[in-house]
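# here's my sequence, what's the structure:
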Amino acid sequence: MHHKKGRWLVLIALLLVLCGVGGWLGYRRYSLGVIFDKQIIKNINSHLLKNNPTSKQTKSYAKIVKSTTRTLNNAYVKVNPYGTSPLTALMIFKTDQVAKVTYTVVGKTDNTSITNTVKGYKTTHQVPIVGLYANYSNQVQLKLGQESHDFNRGRNAPLLVQ
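Next up, the predicted model:
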């Protein structure tokens, strides 16, 4: 009788050990939900590009930034500047005084407007505008804030981006 009972105890102990090892291995593999670049690329069935296709556009816009004499009233505006995000725009202009730019894409309804502030105080501004609507005359409001952080003295300039 003790012989059969001993076998059952050994079998149960072996099962517990196997479950413990399996659980530990599973935890190690899937713990914290952290995955690495290689797994992300595999998951989205993608590959890394060796040559950045936007580098040509980036250089082109850098030249515009460097040589621009455009002001807020006649700013350079390019919708979908890199050909990859049709609901974005790039705006380039200069100001006489150092300023920080805040823009608002006016939403179609209350509480759907998108507001962003570009980092830093500058005289040459490269403003990436996100949140445009497709097939719609978007209204973008700009505020220029001086280093005193007083945005009330900033200029509010509506801009239609289509």
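# quick one: mean pLDDT over the longest helix anywhere in the chain.
Ranked by residue count under DSSP state H, the longest helix found in the chain is helix 2-30. Mean pLDDT, computed over helix 2-30, is 76.
# check what pLDDT residue 99 gets.
Listed pLDDT for residue 99 reads 92.
# and it, its phi and psi?
In terms of degrees, to the nearest 10, the main-chain angles of residue 99 are phi -150, psi 160.
# which stretches in this protein count as strands?
76-79, 88-105, 114-117, 122-130, 138-145, 156-161 (DSSP state E).
# nearest residue to the most centrally placed residue in the chain other than its sequence neighbours?
In the chain, the centroid-proximal residue (CA atoms, centre = their mean) is residue 130; its distance is 9.5 Å. Excluding the flanking residues, the one nearest residue 130 by CB to CB, 6 or more residues apart in numbering is residue 88, at 5.1 Å. Bear in mind the C-beta positions are built from the backbone N, C-alpha and C, glycine included.
# just checking, the one you found touches residue 128?
Yes: at 6.7 Å, residue 88 and residue 128 qualify as touching, with contact defined as CB atoms under 8 Å.
# appreciated, that's everything.
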